[in-house]
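>>> Can you look at this prediction? I've put the sequence above it.
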Amino acid sequence: MPELPEVETVVLSLRDQGICGRRISSVAVHWMRSVQEPSVEEFTRILKGRTIQNISRRGKFVVMGLSGGWTALVHLRMSGRLFLGRPADITKHDQVLLKLDDGRTLRFHDTRKFGRWRLTQDPETVLSKLGPEPLEPVRDFHKRLHAKSRILKPLLLDQTFIAGLGNIYVDEALWEAKIHPQRKSDSLTTSESDALLKAVRKVLKKGIRNLGTSLGHGKANFQLPDGESGRNREALNVFRQTGLPCPRCGTNIERIKVGQRSTHICPSCQRKH
DNA sequence: AAGTGTCCCTGCGAGC
DNA sequence: TGCTCGCAGGGACACT
């Protein structure tokens, strides 16, 4: 499940492989709903002939700046991947294909078909709704936690509160900060809020260093654009570690439900009260 | 305002 | 072996 570190890894990798400056020579959309806006016809017509000028990340969005003032926003959701490869590599679940002028093809591969592309001249309409970037200076984190009375985990997953976190890194951060996911956001002390933000940064940076987390058994859900998979899975402390000893205290990790999401905690380190 | 339920999808593991 | 079934999960949206 691509979260901030996985999206960052994809962006850096595509940039590293020289995607910037390449011209899109043709476009093919195999699953219509992979394109959220505009219509598939317009999407294809507008993209064709444009140059990819830059690529970056905002929250979990891949942001591609194109010639002529257009921007492509790609959200990978559950299973989306972006590969740069030869046309011969094309496989079953490639939903959107951009053929480039150097002979390579940018492939949007998405087995579960939840991923979405948007092509817009005003990306801020979408991006301005996102909360702050956790790896940049975050102002008034404690104050913002106390401005609401929300259950902590769903709040951290809310992209308008803070951008880029998903199920994996929220569980890891809450464990790191020794805070129970069902605590109310306005119950945290200032030192707990500080510890939480530090923990969020720590787990995200570690995820990026490890080139992302690949899950699944054998088949990686997340892969780098060149087909390699991240190695952060081995670095996880609680996520999908149910029944295994907590690396800090040895108590068995438990799996609970918080807001319909499976959640992993150490019942000794993370107390509700 | 905060929380719950439903939908979108496919692959996988469990149970028979 | 081969089938069905339920689950996972980010985000949008309707509803309470």
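Thanks, I have the structure now.
>>> What mean pLDDT does stretch A:99-109 get?
The average pLDDT for stretch A:99-109 rounds to 94.
>>> for the stretch 101-250 of chain A, what spans make up the strands?
Assigned by DSSP state E, counting those that start in this stretch, the strands in the stretch 101-250 of chain A fall at A:105-110, A:116-120.
>>> Can you say which of the ones you listed is packed in most?
Compared across those, strand A:105-110 shows the largest average neighbour count, a mean of 23 (mean count of other CB atoms under 10 Å). For every residue, glycine as well, the C-beta is placed using N, CA and C.
>>> Okay, angle between that one and strand A:116-120 too, please.
Here strand A:105-110 runs at an angle of 130 degrees relative to strand A:116-120 (axes from the mean of the first three to the mean of the last three CA atoms, to 10 degrees).
>>> Convert strand A:105-110 to PDB, retaining C-alpha atoms only.
Output of strand A:105-110 as PDB, limited to C-alpha atoms (Å, rounded to 0.1, in the frame of the first residue of the first chain):
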ATOM      1  CA  THR A 105       6.900   3.400 -21.800                       C
ATOM      2  CA  LEU A 106       5.600   4.800 -18.500                       C
ATOM      3  CA  ARG A 107       3.300   2.100 -17.200                       C
ATOM      4  CA  PHE A 108       0.600   2.600 -14.600                       C
ATOM      5  CA  HIS A 109       0.100  -0.900 -13.300                       C
ATOM      6  CA  ASP A 110      -2.900  -1.400 -10.900                       C
END
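>>> What is the distance between it and the centre of its chain?
Its chain's C-alpha centre and that of strand A:105-110 lie 17 Å apart, by CA atoms, centre = their mean, to the nearest Å.
>>> Any residue of that strand touching DNA strand B?
No. Strand A:105-110 lies out of reach of DNA strand B by CB under 7 Å from any atom of the strand, never closer than 8.4 Å.
>>> For that strand, name the packing helices and strands.
For strand A:105-110, the elements it packs on are strand A:80-85, strand A:94-100, judged by 3 or more CB pairs under 8 Å, 6 or more residues apart in numbering; DSSP states H and E.
>>> relative to strand A:80-85, how tilted is it?
Angle, strand A:105-110 to strand A:80-85, by the same axes, to 10 degrees: 160 degrees.
>>> okay, the angle between strand A:105-110 and strand A:94-100?
170 degrees.
>>> Would you tell me which residues of chain A are close to DNA strand B?
Chain A has residues A:33, A:78, A:92-93, A:111-114, A:148-151, A:154-155, A:184, A:216-219, A:259-260 near DNA strand B, with proximity defined as CB under 7 Å from any atom of the strand.
>>> Which of these are buried? Put it as a PyMOL command.
Command for PyMOL that selects the buried part of the residues of chain A next to DNA strand B, burial taken from 16 or more other CB atoms under 10 Å:
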select buried, chain A and resi 93+150+151+154+155
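>>> quick one: low-confidence parts of the stretch 101-250 of chain A?
A:213-231, A:233 (pLDDT under 70).
>>> separation between the closest residue in space to A:K184 that isn't next to it in sequence and A:F43?
Spatial nearest neighbour of A:K184, excluding adjacent residues (CB to CB, 6 or more residues apart in numbering): A:S149 at 5.5 Å. For A:S149, the distance to A:F43 equals 42 Å [CB to CB, to the nearest Å].
>>> Next, please give the residue ranges for the helices of the stretch 1-150 of chain A.
For the stretch 1-150 of chain A, applying DSSP state H, counting those that start in this stretch gives helices covering A:4-16, A:40-47, A:124-127, A:141-146.
>>> And for the stretch 151-273 of chain A?
A:152-157, A:167-176, A:190-209.
>>> what does the longest one contact?
So that's helix A:190-209. A:3-6, A:8-9, A:134-135, A:138, A:141-142, A:145, A:156, A:162, A:164-165, A:169, A:172-174, A:176-179, A:188, A:213, A:230, A:232, A:235 (CB atoms under 8 Å, 6 or more residues apart in numbering).
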